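>>> output the structure for:
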Amino acid sequence: MTTRLSGTAAEELLRRLSASVRAAQLYSEGHPLVARNLDALMRALDAVHDALPSIVIGFVNAEVIVGEAPLSGVSGLEPFIRRLGEIGIERITLDRGVDAQELGALVRFIAEAPADARSAEQFPALPHARVGRVAVAERVDGTAADMTTFRALYSDAVRSAEQVWESTEQVGTPDPDLTRSVVDGLAQAVARNRSALMALTALREYDNYTFTHMVNVSILTMAQARALGVEGPLLREFGLAALLHDIGKVRTPREILQKADVLTPAEFEVMKRHVIDGAEILRATPDIPSLAPIVAFEHHLRLDGSGYPDVVRPTLNLATMLCSIADVYDAMRSHRAYQASFPTDRILAVMQRNDGRQFDQHLVRRFAQLVGVYPVGNLVRLTTDEVAVVVHTHAPDPFRPHVRVLVDRHGTRLSTPKDVHLWELAGQGDLAPAIARPLDADEIGIDPLALL
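Sure, this is the predicted structure:
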C-alpha cells in the first residue's frame, strides 16, 4: 500500500508551480521574485516527497489529476493549464531528489517554450523531472473517439517499448527515462479505466510481438496489482518490472529469438539464459528500481520449484507472481507461426492445473475475475444466436458478463445495440441466454472496441 497525498498538499504544490511559471514569464531569470517563487515551490514539493517518493500530475482539459485522483475546486489555474496545453505538456512527473536547478529548468521551459503541441518533446532529459502526454486524454464514456485515444496510447507505448529495446541493444542498458515515461502513462490509464485499457491488449500486430508483449504484460500486471490495492509509485514499479521482464532477450541470438518453429532442446537452453541476462542488465542500469532485476530473474520460476533458472526459491515476489500470470496469459492468447492462440477459458485451465502447484491459485482466481472468461472487447455468439461484444466482466460469475448485442439471431445488424446483463438472467435456468462461444472479429467484419 502507498501513502495518499492530502488534498491540501496537492493544491499547494499546484499553486506554487503555477506561480513560479507566471513569475518566470514576467521577470528575468535572476529576478528576486523568480527566486522567491522557486523557493516556495521547492518547499511545497519537499512536503509532497515526505509522503511519496514520486508524484505525477496530469492535466486533462480543465481537470487536474494528482497521483491517482482528480483534484477539483482549485481556481485560478486556468492560464497555467492553458499554457501547458499550448506546449504539449499533459503530465509532469517529479521524483524525490529533484533539486532547485532541475526545478528551475522545468519552470523556465514551461514559461519560454514555443506554443507548439510538440514542444514537450524538446524538454531536456533531467534525472528527477519529466514531462509528457497523459495516458488518457479524457474520461472514457464509451464513444468511438475515446477508443481512438486509447488506440493512440497503446500504439505510442509499443513504439516506446521498441525504442527501449533498441537502446538496450545499442548501449547495453535500457533508457530509464523513456522506460519510466511509458510506465507513467500506462499506470495513469490503468487507474482511470482499467477494463478499457486491458481490452486494448488484444490489439496486436504479430510482427511486433516482442514489443506488444512488453506493453501487454505491463498493463496486465498493473491491472492485477491495482485490484489488490497497490497504487502510486509502487504500482509503477510493478509496471516497470513487468515491461522489462524479458529485456535479457536482447542478448539471445536473433536466429533463436525469431525462429518461426518450436525450439530444439539445445536452443531452449540458450533461450533460458535470458532471465539471468535480464537481471544482470537491470542491476547495471542506473535509476531502475531493485524490483525490476528480481522479476526478470524470477518470472519463469514456479511455486512448486519447477521452471528456470535452476535455483531454490522458497518464496516468489508478489510482482513476480503477477507478472508470470500476465506473461503466460498473453503468450498463450497470441497467434504465432508455431502456435495457435488459445481462448481465455483454456488459458485459465492451464494455470489452474497441477492443483495450483505452479501458480498461486488465489491470484489466478483474482485474475480470472479481472479479465473474465470472456474478456472485455471480445466478440461472442450467444445461445440465442445473437452476436455481442463483451462490455464489462462480472467478477462473481466470469462466465456471464455484461454484453452489448450487435447482431440479432437472423444475422441483421441492429441500428441500436442493446445491453444485456447475462448474470441477471441466470435464474431463468436452461432458457437463460448465455455465451456459446467467442468469435473472430476479423471474420465478422466488426470492430468491437469501437462499440464499447
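
>>> strands of the stretch 101-250 of the chain, residue ranges please.
Along the stretch 101-250 of the chain, counting by DSSP state E, counting those that start in this stretch, strands occupy 129-132.

>>> any buried residues in stretch 309-317, and which?
For stretch 309-317, the buried set under the neighbour-count rule, 16 or more other Cβ atoms under 10 Å, comprises 316-317. Every C-beta, even on glycine, is put in place using the N, C-alpha and C of the backbone.

>>> swap in stretch 235-254?
Buried residues in stretch 235-254 (16+ other Cβ under 10 Å): 235-252.

>>> same question, stretch 287-304
288-289, 291-303.

>>> equivalent analysis for stretch 321-338, please.
Neighbour counts over stretch 321-338 (16+ other Cβ under 10 Å) mark 321-334 as buried.

>>> pLDDT of it, averaged?
Averaging pLDDT along stretch 321-338 yields 82.

>>> so what pLDDT did residue 74 get?
Note on residue 74: pLDDT of 63.

>>> pLDDT weak spots in the stretch 251-400 of the chain?
313-314, 335-343, 354-356 (pLDDT under 70).

>>> what segments of it are strands?
Under DSSP E, counting those that start in this stretch, the stretch 251-400 of the chain gives strands at 379-382, 387-392.

>>> what packs against the first one?
With contacts defined as 3 or more Cβ pairs under 8 Å, 6 or more residues apart in numbering; DSSP states H and E, the packing partners of strand 379-382 are strand 387-392, strand 402-407, strand 435-439.

>>> quick one: contacts of that strand?
Contacts with strand 379-382, where a contact means Cβ atoms under 8 Å, 6 or more residues apart in numbering, come from 374, 387-390, 403, 405, 433-441, 444, 446, 448.

>>> one step back: winner for burial among the strands of the stretch 251-400 of the chain?
Ranked by mean neighbour count, those are led by strand 387-392 with a mean of 23 (mean count of other Cβ atoms under 10 Å).

>>> so it versus strand 435-439, what angle?
Going by axes from the mean of the first three to the mean of the last three Cα atoms, to 10 degrees, strand 387-392 is angled at 100 degrees with respect to strand 435-439.

>>> contact partners of the lengthiest strand in the chain?
Identified as the longest strand of the chain according to DSSP state E is strand 413-421. The contact list for strand 413-421 (Cβ under 8 Å, 6+ apart) reads 388, 391, 394, 402-408, 433, 451.

>>> and residue 14, helix, strand or coil?
Secondary structure, DSSP: H, G, I helix; E, B strand; the rest coil: residue 14 is helix.

>>> any idea how far residue 84 is from it?
Going from residue 14 to residue 84 by Cβ to Cβ, to the nearest Å gives 11 Å.

>>> verify the assumption that residue 21 is located in a helix.
Yes - checked against three-state DSSP, residue 21 lies within a helix.

>>> contact partners for it?
So residue 21 contacts 80, 83, 107, 110-111 (Cβ under 8 Å, 6+ apart).

>>> the closest residue to residue 223 other than its chain neighbours: neighbouring residues, count only.
Among residues not flanking residue 223 along the chain, residue 194 sits closest, at 5.1 Å (Cβ to Cβ, 6 or more residues apart in numbering). Other residues near residue 194 come to 18 when the count uses other Cβ atoms under 10 Å.

>>> what pLDDT does residue 194 get?
So, for residue 194, pLDDT stands at 74.

>>> same question for residue 140.
Confidence at residue 140, expressed as pLDDT, is 37.

>>> same question for residue 210.
88.

>>> give me the nearest residue to it, chain neighbours excluded.
Nearest in space to residue 210, with sequence neighbours left out and distances taken as Cβ to Cβ, 6+ apart, is residue 165 at 6.9 Å.

>>> ok, now residue 372?
Leaving aside its sequence neighbours, residue 372 sits nearest to residue 393 (Cβ to Cβ, 6+ apart; 3.3 Å).

>>> how about residue 329?
Of all residues not flanking residue 329 in the chain, residue 347 sits nearest, at 5.5 Å (Cβ to Cβ, 6+ apart).

>>> how close does the one you found sit to residue 239?
Residue 347 is 21 Å from residue 239, where distance means Cβ to Cβ.

>>> same question for residue 89.
Remark: distance between residue 89 and residue 239 (Cβ to Cβ) = 22 Å.

>>> could you dump the helices and strands packed on strand 379-382 to CSV with distance to residue 120?
Below are those laid out as CSV (distance: least, Cβ to Cβ, whole Å):
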stretch, distance to residue 120
strand 387-392, 34
strand 402-407, 37
strand 435-439, 40
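
>>> go through those strands and name the closest to residue 425.
Closest approach to residue 425 among the helices and strands packed on strand 379-382 (Cβ to Cβ): strand 402-407, 10.9 Å.

>>> now do the helices in the stretch 101-250 of the chain.
With helices called from DSSP state H, counting those that start in this stretch, the stretch 101-250 of the chain shows them at 144-171, 176-192, 194-200, 209-227, 232-243.

>>> hey, which of those is tucked in deepest?
Stretch with highest mean neighbour count among those: helix 232-243 (a mean of 26; mean count of other Cβ under 10 Å).

>>> highest neighbour count among the contacts of residue 21?
Per-residue neighbour counts (other Cβ under 10 Å) across those peak at residue 110, which has 26 neighbours.

>>> in this structure the residue nearest to residue 329 contacts residue 328, no?
Yes - the criterion here is Cβ atoms under 8 Å, and residue 347 meets it with residue 328 at 7.3 Å.

>>> averaging pLDDT over each of the helices of the stretch 101-250 of the chain, which comes out lowest?
Least confidently modelled of those is helix 194-200, at a mean of 75 by mean pLDDT.

>>> send the alpha carbons of that one over as PDB?
In PDB, the C-alpha atoms belonging to helix 194-200 read as follows (Å, rounded to 0.1, in the frame of the first residue of the first chain):
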ATOM      1  CA  ARG A 194      -8.600  -0.500 -16.300                       C
ATOM      2  CA  SER A 195     -11.100  -2.500 -18.300                       C
ATOM      3  CA  ALA A 196     -10.800  -0.400 -21.500                       C
ATOM      4  CA  LEU A 197      -7.000  -0.500 -21.400                       C
ATOM      5  CA  MET A 198      -7.000  -4.200 -20.800                       C
ATOM      6  CA  ALA A 199      -9.300  -4.600 -23.900                       C
ATOM      7  CA  LEU A 200      -6.600  -2.900 -26.000                       C
END
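
>>> from memory the residue nearest to residue 372 sits against residue 368, does it?
No - applying Cβ under 8 Å, one finds residue 393 not in contact with residue 368, separated by 9.2 Å.
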